[in-house]
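Q: sequence and predicted structure are below.
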Amino acid sequence: MKKLLYYVVFGLLFLLPTSVKADVAIKSTSLNGPLSVEEGSSFTMTVNVNVSGLSKLPNSSQGIASAIFAFGMDEDVFILESVSAEGFESIAQKVDGVYYILSQSLQNNNCGSGMLYCGDYKVELKFYVKNTTLNSSVITLGEVAMGFIDVETYQTEDDIIVRRYDEYKPHSIVINHKKESAVVESPKTIVEEQKEKPKVTEKPVAPKKEIPKSSNALLKSIVVENYNVDFDTYLLEYTLEVEEGVNSLSIKAEVEDEKANYKIIGAEDLKKNENKVLIEVTAENGNKKVYTINTKIKEQTKEVEKIVEKTEIETQEKVTVNKKFVTYIIIFFGGIVGLVIIGFIISKIRNRKLNKMLDEL
């Protein structure tokens, strides 16, 4: 799969038409290294590609996605041992007698949301000098091509900005022969030989834009078993009155953001945690909020006051009932006395009439 990615990069750089979507360019190239080397030793050549039109700020969206260059060397004199480039993963290939170095930008780079490289492209090539009869040889830097991407607009291979630089730069090296030849095992080359030029077999994957992590550390609800909590998402402190002897609470909470998590501290032993419970919420990005539930024992004086108040009310109700009863008794007996008096008066009147009738007879 890794080789396939390089083939894709290689094919895109040399087969796609040059785009004019941005003002980026390869300004110059150079090949630097020693002027003389000794048989049986290793040495390093440096390839520098100066790029213009790129911002080197970390928040820059446009940068180098891939690079490729050709070089020539005499296989009877030199062996390519290794290749390295800051910000890139690189390999060496040989196609139809031409050597190529292919580089792909690494993750966690310095621009383009960490997907791209901003700056001049620098590659170090390490060579080994074989035992040879030649007194000198040449290493040549050839055509250079680079692929630039803007992560804000990149969707398909048509959005790759391709730049080429055609200038051959030979570097002559004098070979110093050893007076006494020693049998030394030559290192293995890292060059992969290909029979055909790589072809585009699949489209490159667009760099994923980094999605900022959520900072939401709020709760959606707090439920305390057997107690009512007047919950407000933005209110971080609450107070509950508990019965004397209660030393634990059963609490459940729900976060607003499913990527956040929470932990409950102190609910199993209120006294040990100063009669309070802490609900610590941690957002995806590490942001934290703490909800506090303070507990206090219900005051007994309030219960006593309620009992006294209830007793007073009952007493007042009894007094009211007694007063009504006495009133009814008074009215009842008053009625009876009134009836007796009226009966007595009527009896007197009757007696007078009766006496008068007897006198008349």
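A: Structure received. This structure is a prediction, so every number in the text was calculated from the model and none was measured.
Q: helices of the stretch 251-361 of the chain, start to end?
A: Here the stretch 251-361 of the chain has its helices, by DSSP state H, counting those that start in this stretch, at 300-360.
Q: shaky segments in it?
A: The stretch 251-361 of the chain contains residues with pLDDT under 70 at 300-326, 328, 332-333, 337, 344, 347-361.
Q: can you pull the contacts of residue 117?
A: If you count contacts by C-beta atoms under 8 Å, 6 or more residues apart in numbering, residue 117 has them with 63-64, 87-88, 105-106, 109-111. Just so you know, the C-beta spots here come from the backbone N, C-alpha and C atoms, and that holds for glycine as well.
Q: any of those buried? List them.
A: Buried members of those, scored by 16 or more other C-beta atoms under 10 Å, are 63-64, 87-88, 105, 109-111.
Q: hang on, the earlier thing: make JSON lines out of the contacts of residue 117 and add pLDDT.
A: Shown next, in JSON lines, are those (pLDDT from 0 to 100):
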{"residue": "63", "pLDDT": "89"}
{"residue": "64", "pLDDT": "90"}
{"residue": "87", "pLDDT": "89"}
{"residue": "88", "pLDDT": "91"}
{"residue": "105", "pLDDT": "89"}
{"residue": "106", "pLDDT": "88"}
{"residue": "109", "pLDDT": "85"}
{"residue": "110", "pLDDT": "83"}
{"residue": "111", "pLDDT": "87"}
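Q: quick check: the farthest pair among these?
A: The largest separation in the contacts of residue 117, counting by C-beta to C-beta, is between 88 and 111 at 13.4 Å.
Q: closest to residue 27 among the contacts of residue 117?
A: residue 64 (13.2 Å).
Q: doesn't that closest one lie inside a strand?
A: Yes - membership of residue 64 in a strand is supported by DSSP: H, G, I helix; E, B strand; the rest coil.
Q: pLDDT value on the closest residue to it other than its chain neighbours, please?
A: Nearest residue to residue 64, sequence neighbours excluded (C-beta to C-beta, 6 or more residues apart in numbering): residue 117, at 4.6 Å. Residue 117 is assigned 91 on the pLDDT scale.
Q: try residue 211
A: Looking at residue 211, its pLDDT reads 69.
Q: report the contact partners of the spatially most central residue of the chain.
A: Nearest residue to the geometric centre of the chain (C-alpha atoms, centre = their mean): residue 213, 2.5 Å. The contact partners of residue 213, by C-beta under 8 Å, 6+ apart, come to 259, 283-285.
Q: give me that answer again for 7 Å
A: Neighbouring residues of residue 213 by C-beta atoms under 7 Å, 6 or more residues apart in numbering: 284-285.
Q: repeat for the one 4 residues further on
A: When contacts are counted by C-beta under 7 Å, 6+ apart, residue 217 is found next to 260, 281-283, 287-289.
Q: if you set the cut-off to 8 Å instead, what comes out?
A: Applying C-beta under 8 Å, 6+ apart, the residues near residue 217 are 257, 260, 281-283, 287-289.
Q: so residue 291 versus residue 283, what's the distance?
A: 14 Å (C-beta to C-beta, to the nearest Å).
Q: and for residue 141?
A: According to C-beta to C-beta, residue 141 stands 51 Å off from residue 283.
Q: so which of these two has more stuff around it?
A: Neighbour count, other C-beta atoms under 10 Å: between residue 141 and residue 283, residue 141 has more, with 23 against 20.
Q: who's in contact with residue 146?
A: Each residue near residue 146 by C-beta under 8 Å, 6+ apart is listed here: 13, 26, 49, 51, 64, 66-68, 121, 162-163.
Q: at 10 Å what do you get?
A: For residue 146, the contact set (C-beta atoms under 10 Å, 6 or more residues apart in numbering) comprises 13, 24-26, 49, 51, 64-69, 103, 121, 160-165.
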